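Novice: What follows is a predicted protein model with its sequence.
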Amino acid sequence: MANNFGVTVDPKEVSLDATRLKNIDKHFKRYVDEGRLAGFAVAVARRGEVAHFGMYGAKDSDTGESITSDTMYRIYSMTKPVTSIALMMLVEQGLLQLTDPVSKFIKSFGETRVWNTGTILKPMTAALTEPIRVWHLLTHTSGLTYGFNYADVVDDMYRRAGFETGLSYNESLEVVCDKIASLPLVFQPGSSWNYSMATDVVGRIIEVISKMPLDEFLEKNIFAPLGMTDTAFFVPEEKRSRVSSLYRYDEVNHSKIKLDTLGNSSLENPKFLSGGGGLISTAGDYFKFIKMLEGRGKSGDVRIVSSRTIDLMTQNHLPNNADISTFGRPIGEEFLYDGLGFGLGFSVVVDQAKTRVACPKGTFAWGGMASTAFWVDPVNEISAMFFTQLIPSGVYPIRQYLRSLVYAALAD
């Protein structure tokens, strides 16, 4: 059960320094004591065993109720790797190819055009030089975008269409995807990288092919087999006391402000099943997913996808092995994109020196809008994850410091 999540191995048995692991908690406790975070949970594992699990602070700063091992968090974009794995399960079943045009499954994408010039009210668009393909979605090279990017005219068009951070979409995934298809692309498919709603479209493709709602597909094929009993698109009544409150950064006071409306939206069963950012989970549950990734598609006796599928997903798919800083528009869940390429649902380290952090080539990762994060390092057999609830994710360099602190604890 998720509420039993904790340390499973003595750190020294997996060549980790217990004293140095404690520095992780010491570092992030300052964020809580200074009022920047309400609380956090952090776990470090090696060779599939949890060597460190730290918790500090509160689920809610007003009530002071402590974070526990079964506290639930909105993981936002850490949903994307789950949805990407789900799509690859269908690829393995021979139900689609990564090179298939998206319009094969969602007809409205056959009419999508690309932004050229003009104004928001009178855009001038051009025809696509090639169709948006499934692999474009998984790699964020489709030309789709997010309303919260604030970097392009098309971003504004998304906001005007209702795709704005902080708003709950009251329409089905099918309707939302048709709306996305009606908006122009930021660029021609495959010509650049841009963080986007592409994984939501992946979720709809899963629905079309499987003939199942996305939540049912994930529950049947991933959550139930892995024993992820606390992961879903909403929180039922009996679990709501376990949910951490959601906050945003207060630029004026350099503190945090609670987001009751947005936070409470995760308590209700949504019409829009967001494969790009809709899941709520716990540290224990998400570690079960990570352990499957570490096992190259297998955890215990349960195989979700083949080892070769994981290998394919966790290599860089950007042209000429470029990193995002070179090839794309570096906006999204990571703070810095130097040295990071992108696979099928994950960022991937392609040049360790350029990252300026001790994660070796091949490390794959992603994070969420509320400052959650995880990574898997196949070389050193290390994984780590961090949970808190502060929007946006780039306010503090949590992910960079976490990586530095974890690798400082290696004793081999």
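Specialist: Sure, I can see it.

Novice: three-state assignment of the most centrally placed residue in the chain?
Specialist: Of all residues in the chain, the one closest to the mean position by C-alpha atoms, centre = their mean is residue 78, 2.3 Å from it. At residue 78 the chain is in helix, as set by DSSP: H, G, I helix; E, B strand; the rest coil.

Novice: The nearest residue to it once chain neighbours are set aside: how many residues sit nearby?
Specialist: In this structure, residue 78 finds its nearest non-sequential neighbour in residue 368, 4.5 Å apart by C-beta to C-beta, 6 or more residues apart in numbering. (Glycine included, C-beta is placed from N, CA and C.) For residue 368, the number of neighbouring residues by other C-beta atoms under 10 Å comes to 26.

Novice: Just list the residues touching residue 368, thanks.
Specialist: The neighbours of residue 368, taking C-beta atoms under 8 Å, 6 or more residues apart in numbering as the test, are 74, 75, 76, 77, 78, 79, 277, 333, 393.

Novice: Output those residues as a markdown table; include the columns pLDDT and distance to residue 201.
Specialist: Below are the contacts of residue 368 laid out as a markdown table (pLDDT from 0 to 100; distance: C-beta to C-beta, whole Å):
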| residue | pLDDT | distance to residue 201 |
| --- | --- | --- |
| 74 | 98 | 21 |
| 75 | 98 | 19 |
| 76 | 96 | 17 |
| 77 | 96 | 15 |
| 78 | 98 | 18 |
| 79 | 98 | 13 |
| 277 | 96 | 13 |
| 333 | 54 | 18 |
| 393 | 92 | 22 |
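
Novice: what's the closest of these to residue 382?
Specialist: residue 78 (17.8 Å; C-beta to C-beta).

Novice: Next one: that closest one from residue 323, what distance?
Specialist: 21 Å (C-beta to C-beta, to the nearest Å).

Novice: same question, residue 141
Specialist: Counting by C-beta to C-beta, the gap from residue 141 to residue 323 is 13 Å.

Novice: Ok, residue 253 next?
Specialist: 36 Å.

Novice: The two - which one has more neighbours?
Specialist: Between residue 253 and residue 323, residue 323 has the larger neighbour count (other C-beta under 10 Å), namely 24 against 9.

Novice: Verify the stated contact: the more buried one with residue 340.
Specialist: Yes. Counting by C-beta atoms under 8 Å, residue 340 is a contact partner of residue 323 at 5.5 Å.

Novice: who touches both of the two?
Specialist: Joint contacts of residue 323 and residue 340 (C-beta under 8 Å, 6+ apart) are residue 350.
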